[in-house]
Structure formats: C-alpha cells, structure tokens
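*Asks:* Fold the stuff below for me.
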Amino acid sequence: MEIIDRKDNPLLNRVEMRFVWNHEGKATPTRKEMVEAAAKSEPNAKKELTYIKDVRTVFGKGRTEGIALIYSSAESASMEPGYVSARHKDLFGESPSESEGSTE
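*Replies:* Just a heads-up that it's a prediction; the model follows:
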C-alpha cells in the first residue's frame, strides 16, 4: 500500500489518507487487508477505528485506489454513515460506535 496523500482533519478528529495498492498478478485486496495496512501506516492507529471508503480497482490492471479514514476515538467514528459502519462491523464484529452507545 502506497500513501498518496495524508491530511489531518482536526474538526472531525481523524486522519484522511488516499492510497494506491498495486497487486499485479494477484487478487484485489480485501477490505480487511486494506484496513490492516492503513492502520499499520499510521502510528497509534487502531483497526477498529479505521474505515475504508471509495475503493476503485482499474479493470485489467492490478491497481486499487481508495480512501482510509482513521479516527482517534469511537465517539468521532460514530459520525460515519450506517452503511459504512455495517461494512466495518462485518470485518471486526462490533463497530466502535455501537459498543460505546449501548447502555445495557
């Protein structure tokens, strides 16, 4: 995974990264692999607070582009839309926004 652009967004309490993943001759990387690679590239990042969006693979080429959003807290991550949280929940079990919000 190669980071093309990295931007701190203090208003939303997150780091936004555009990335390119060259996987010539291999299958397109899974969303889970992308989350793990993005979390490794940022110090003190947690996989549970890392979201992958806008993934595009170029047909006929082993190249995938996307955006990684790395939040610093579960409270900040709760602003992600429901469909993004649902995809993330499928990867790691329970999404951080659900675990913090339950009062039972």
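
*Asks:* When you work out contacts or count neighbours from here on, use the C-alpha atoms and nothing else.
*Replies:* Will do.

*Asks:* Tell me the helices and strands packed up against the helix or strand encompassing residue 90.
*Replies:* Using DSSP states H and E, the secondary-structure element containing residue 90 is helix 82-92. Where contact means 3 or more CA pairs under 8 Å, 6 or more residues apart in numbering; DSSP states H and E, helix 82-92 is packed against strand 50-57.

*Asks:* From the contact counts, what lies against the strand it packs on?
*Replies:* Partner elements for strand 50-57 (3+ CA pairs under 8 Å, 6+ apart): helix 31-41, strand 63-71, helix 82-92.

*Asks:* Reformat those as TSV; add mean neighbour count, distance to residue 7 and mean pLDDT.
*Replies:* Below are these laid out as TSV (neighbours: other CA atoms under 10 Å; distance: least, CA to CA, whole Å; pLDDT from 0 to 100):
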stretch	mean neighbour count	distance to residue 7	mean pLDDT
helix 31-41	18	13	91
strand 63-71	21	10	93
helix 82-92	15	20	81
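
*Asks:* can you put the ones you listed in TSV and add distance to residue 16?
*Replies:* Listed next are the helices and strands packed on strand 50-57 as TSV, based on distance: least, CA to CA, whole Å:
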stretch	distance to residue 16
helix 31-41	10
strand 63-71	5
helix 82-92	15
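
*Asks:* Residue 6 is nearest to which of these?
*Replies:* Proximity to residue 6, assessed across the helices and strands packed on strand 50-57 by CA to CA, is greatest for strand 63-71 (9.4 Å).

*Asks:* next SSE after the closest one?
*Replies:* helix 74-77.

*Asks:* Could you give me the buried positions within that following helix?
*Replies:* 74, 76-77 (16 or more other CA atoms under 10 Å).

*Asks:* roughly how far is that helix from the heart of the chain?
*Replies:* 13 Å (CA atoms, centre = their mean, to the nearest Å).
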